[in-house]
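# Pasting a predicted model and its sequence here:
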Amino acid sequence: MLLDNDKFLTKMAKAFEESRTSNSVYLTMKRHDYSTKKIRAAEQEKDMDLDEQSKEYPTLIRLQAGTKTKYTTLVQPQDLERFMVQYTNIIKISMDALKKKERKKAAKAKKATA
């Protein structure tokens, strides 16, 4: 489902909250060039011009939470900086649910006491 940027960020925050109890959240980000697979295959055979390399493309961001929840947004180049600030803030806030890595010394101490 294609959403505008603000709604996507809201849905992303909600998906991270729900993922604390169940589900995983997968985020994908790539350049969007409006071409289909058939056209892309034909273009790959040709050499890219310098003009095409300097062209700015929108960014396609996808979110998948669980098996049925899928959201997509298209971020225009002029809005990318503002979007990324909000995007990274949501990710930073959601990272507190991660499990801390066990250190080797702590693991050895646990084995010695066991």
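Happy to help now that I have it.

# So the residue positioned nearest the centre of the chain versus E17, what's the distance?
Central residue of the chain (C-alpha atoms, centre = their mean): L27, 3.0 Å from the mean position. Distance of L27 to E17, computed by C-beta to C-beta, to the nearest Å: 15 Å. No exception for glycine: its C-beta is placed from N, CA and C like everyone else's.

# Regarding N23, which helix or strand does it belong to?
Of the helices and strands defined by DSSP states H and E, none includes N23.

# Kindly report the same for K30.
strand 25-31.

# Show me what that strand pairs with in its sheet, parallel or antiparallel.
strand 59-65 (antiparallel) (DSSP bridges).

# in the strand it pairs with, what's buried?
For strand 59-65, burial by neighbour count (16 or more other C-beta atoms under 10 Å) applies to 59-61, 63-65.

# List the contacts of V75.
Contacts for V75 (C-beta atoms under 8 Å, 6 or more residues apart in numbering) come out as 5, 58-61, 83.
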